[in-house]
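**Student:** build me a model from this:
(chains A and B)
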Amino acid sequence: MTVVRILGVGSPSGDDQAGWLVVRELERTDLTVRLPCRASLLSLDRPGAQLIEYLEGADLVVLIDAMRSGAPPGTISRLDAAQCTPRDRPVSGHEFGVVSALELARALGGLPACVLLYGIEIASVKPASQPSEAVLAAATHLAQIIARELAQRFGMSARPDAAV
Amino acid sequence: MGDTPEGALESGKGRSVRIDVPALARVEGEGALHLHIRDKEIERLELQIYEPPRLFEKALEGRSFEDVPEMVARICGICPVAYQISAVNALENAFGIEADPWVQTLRRVLYCGEWIQSHCLHIHLLAAPDFFGCDSVIAMSREHPEVVRRGLRLQGLGNDLMRLLGGRSVHPVNVRVGGFHHAPPVNEIARMRERLTAALPESEALVRWTSQIGMPEDRQDFISVALRNDREYPIHQGQIASNDGLAIDPEQFEHHFTEYQLAHSTALFSRYKDGAYLVGPLARLNLNHDRLPAPLAQMLQNSGIRLPSANMFHSMFARAIEVHYAIGEAARLLEHYAVPRAPAVVVTPRAAVGYGCSEAPRGLLWHRYCIDSQGRIVQARIVPPTSQNQARIEEDLRLSLQAFGLEHGDDELRLHCEKVIRNYDPCISCASHFLRLSTDRRS
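**Tutor:** Numbers count the residues shown, from 1 in each chain, chains lettered A, B, ... in the order given. Predicted coordinates:
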């Protein structure tokens, strides 16, 4: 049976919770039950290189992380992991990000056949602060997009209204 | 390594080399190296820490003692437990509290988790690629995937141990003055203990692997400083000791160790008896190898590496020994785990000064807090391992480069310097909190 993992990457600091918020939105739905596959949802706290553990054995992984590209906060981007290369070599344990972890998984032969990478543009990452309205709204919207995309991939009727 | 260094300049009389690595790669935080050689002499050698000071000590002033464990955990994402344990040791010292054996045991186990994850991260992601001709762990993974996988599995085990005892692996939240906020359930501890025990063959293999990596012969005369106590290999408490006979309580640290500032670094330097000294895994092992359990002592014997070691390139081996020790120690300490009636003792603050230290993955981490009668922090002082090692790193680079041979090409010299620096696993982010802030206001 196809193994699907939806992984929200983040930290408890303000907008950096973006990935977790999407997972939380999806947890409120019956998506993982409805999908005709072994689907799971996970929130990961700054996993660094440990991300590869969560990629192993999966056929399809949806990764959601906060991003900063200069776009307005709340902007959603969809990236193809195959097109992503680390901006620079990983320089420390503090800075081992999602793209480096994907590169490491590829080198170890553990990159899933399909990785969908979503980013939500963020603004503030103040420790212990709440996420901004823009990021909260984007998380809700992205949860709908992911639910719809997975439903389509598995040939299910898209139920955008029921997705979240 | 991340950036292109400035090239060599050939002069008519003799070789003049200028190597500037503006951003050191595979170290934690932002630092640079400047090496200028003229006529076979080192003219300038500076490990420049330029990461902006984060002024954590100032930020603690006025805060309740209860906030300290969570605040100091934010100093570092790799070694937050070290900051928390040194802090609670100092605050309990101030309030005259003796944490009970259950608390001490659990702190030690939590700390084992941090040693495991931090050391495994350093060995595999930062240090080892140098010795296999690889520029990163990603490149090393293509040739030695099983080694990297094993390292990441062990690192993950350390993270999970921190998560179980600390509430989360990055900036844990369960440590408090007097004990813990919450006692982990027995069944989860039992499962973790099974995983720890099952990992021992892997950590043993890690020790063997690191002992077989060909390291440069580079013997230097240096002073090792680490905690030491009568009962066990030092992790979360002990006296401060050195290989020249020092044996002092944390209260006396400032009588023997002096911090000073140099213009090229935002981290303070530290000296002992007017000179540089080493803290960290090799210093700990040099001073405390007699505290290791018999099977580990036998592994040391079999490795062919003699202790005390004067070769800083044995640091990776020392980390592997400590990973194996920490896994076995955590499993041993959790064998008779039970949930106590209360995971912490009641704390009554008082006006006092408290001192505490512990062995962070990178070495001795010393804290002092001056507290008022309401339990508010009046003044804080934190001396982290990387700032203590700064002078030793520069001294080591000078000696090691001379031994390596200044006639080598620029790339070889640069790589050698980076290997030397990485032996110390410097955490520049940790070290750069300490710039004394002075303001010159003139109208």
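**Student:** state the pLDDT value of the residue in the stretch 101-250 of chain B positioned nearest to chain A.
**Tutor:** Taking Cβ to the nearest Cβ, chain A has its nearest neighbour within the stretch 101-250 of chain B at B:Ser141, 3.8 Å off. Quick note: C-beta positions are derived from backbone N, CA and C, even for glycine. Per-residue pLDDT puts B:Ser141 at 95.
**Student:** roughly how far does A:Val98 sit from B:Val137?
**Tutor:** Distance, A:Val98 to B:Val137, by Cβ to Cβ, to the nearest Å: 15 Å.
**Student:** that older thread, backbone dihedrals for the closest residue to the residue of the stretch 101-250 of chain B closest to chain A other than its chain neighbours, both of them.
**Tutor:** Distance criterion Cβ to Cβ, 6 or more residues apart in numbering or on different chains; nearest residue to B:Ser141, sequence neighbours excluded, is A:Ala107 at 3.8 Å. Note on A:Ala107: backbone dihedrals following degrees, to the nearest 10 are phi -60, psi -30.
**Student:** measure A:Ala107 to B:Gly280 for me?
**Tutor:** Relative to B:Gly280, A:Ala107 is positioned 29 Å away (Cβ to Cβ).
**Student:** who's more crowded, those two?
**Tutor:** B:Gly280 (29 against 20; other Cβ atoms under 10 Å in any protein chain shown).
**Student:** in the sheet, who's paired with the residue nearest to that one when sequence neighbours are not counted?
**Tutor:** Closest residue to B:Gly280 apart from its sequence neighbours, by Cβ to Cβ, 6+ apart: B:Gly363 at 3.8 Å. Beta-bridge pairing of B:Gly363 under DSSP bridges involves B:Ala360.
**Student:** list the contacts of B:Gly363.
**Tutor:** By Cβ atoms under 8 Å, 6 or more residues apart in numbering or on different chains, the residues touching B:Gly363 are B:225-226, B:278-281, B:283-284, B:385, B:388-389.
**Student:** follow-up on the earlier one: A:Val98 and B:Val137 - which one has more neighbours?
**Tutor:** Shown here are A:Val98 and B:Val137; by other Cβ under 10 Å, B:Val137 has more neighbours (29 against 26).
**Student:** gap between that one and B:Phe317?
**Tutor:** The spacing between B:Val137 and B:Phe317, counted by Cβ to Cβ, is 19 Å.
**Student:** same thing with B:Ala82?
**Tutor:** Going from B:Ala82 to B:Phe317 by Cβ to Cβ gives 21 Å.
**Student:** quick one: which of the two has more around it?
**Tutor:** Legend: neighbour count by other Cβ under 10 Å for B:Ala82 and B:Phe317, higher for B:Ala82 (32 against 26).
**Student:** tell me who's in contact with the most centrally placed residue in chain B.
**Tutor:** Centroid check for chain B by Cα atoms, centre = their mean gives B:Arg362 as the closest residue, at 1.1 Å. Counting by Cβ under 8 Å, 6+ apart, B:Arg362 makes contact with B:79, B:118, B:279-280, B:384-386, B:389, B:424-427, B:430.
**Student:** list the buried residues of stretch B:350-357.
**Tutor:** In terms of neighbour count (16 or more other Cβ atoms under 10 Å in any protein chain shown), stretch B:350-357 has its buried residues at B:352, B:354-357.
**Student:** so B:Leu154 sits in a helix?
**Tutor:** Yes: the assignment for B:Leu154 is a helix, going by DSSP: H, G, I helix; E, B strand; the rest coil.
**Student:** B:Ala199 is in contact with that one, correct?
**Tutor:** Yes: B:Leu154 lies in contact with B:Ala199 (Cβ atoms under 8 Å); the separation is 6.4 Å.
**Student:** so what sits against both of these two?
**Tutor:** Residues touching both B:Leu154 and B:Ala199 by Cβ under 8 Å, 6+ apart: B:Ile327.
**Student:** which of the two has more residues huddled nearby?
**Tutor:** The residue with more neighbours, out of B:Leu154 and B:Ala199, is B:Leu154; 27 against 24, by other Cβ under 10 Å.
**Student:** look up the closest residue to the more buried one, ignoring the ones flanking it.
**Tutor:** B:Cys120 (4.6 Å).
**Student:** could you count how many residues lie near the one you found?
**Tutor:** 27.
**Student:** how about the helix or strand hosting it: buried residues?
**Tutor:** Element membership for B:Cys120 (DSSP states H and E) is helix B:101-121. Of all the residues in helix B:101-121, those buried under the rule 16+ other Cβ under 10 Å are B:102-103, B:105-121.
**Student:** taking chain A, what residue is nearest to chain B?
**Tutor:** Closest point on chain A to chain B, by Cβ to the nearest Cβ, is A:Ala107, at 3.8 Å.
**Student:** show me what contacts the nearest residue to B:Arg142 once chain neighbours are set aside?
**Tutor:** Nearest residue to B:Arg142, sequence neighbours excluded (Cβ to Cβ, 6+ apart): A:Ala107, at 5.0 Å. Applying Cβ under 8 Å, 6+ apart to A:Ala107 gives the contacts B:138-139, B:141-142, B:145.
**Student:** pull out the buried residues from those residues.
**Tutor:** B:138, B:141.
**Student:** against which helices or strands is the helix holding B:Cys120 packed?
**Tutor:** helix B:80-95, helix B:145-166, strand B:179-180, helix B:315-333 (3 or more Cβ pairs under 8 Å, 6 or more residues apart in numbering or on different chains; DSSP states H and E).
**Student:** right, so of these, which gets closest to A:Pro73?
**Tutor:** Of all those, it is helix B:80-95 that lies closest to A:Pro73, at 28.2 Å by Cβ to Cβ.
**Student:** can you read off the pLDDT for the residue nearest to B:Leu154?
**Tutor:** 97.
**Student:** so what's it up against?
**Tutor:** Residues in contact with B:Cys120 (Cβ under 8 Å, 6+ apart) are B:151-152, B:154-155, B:158, B:206, B:323.
**Student:** which element is residue 71 on?
**Tutor:** You didn't say which chain, so I picked chain A. Counting by DSSP H and E, A:Ala71 is part of no helix or strand.
**Student:** my question was about chain B
**Tutor:** According to DSSP H and E, B:Met71 maps onto helix B:68-73.
**Student:** fine by me, we can end here.
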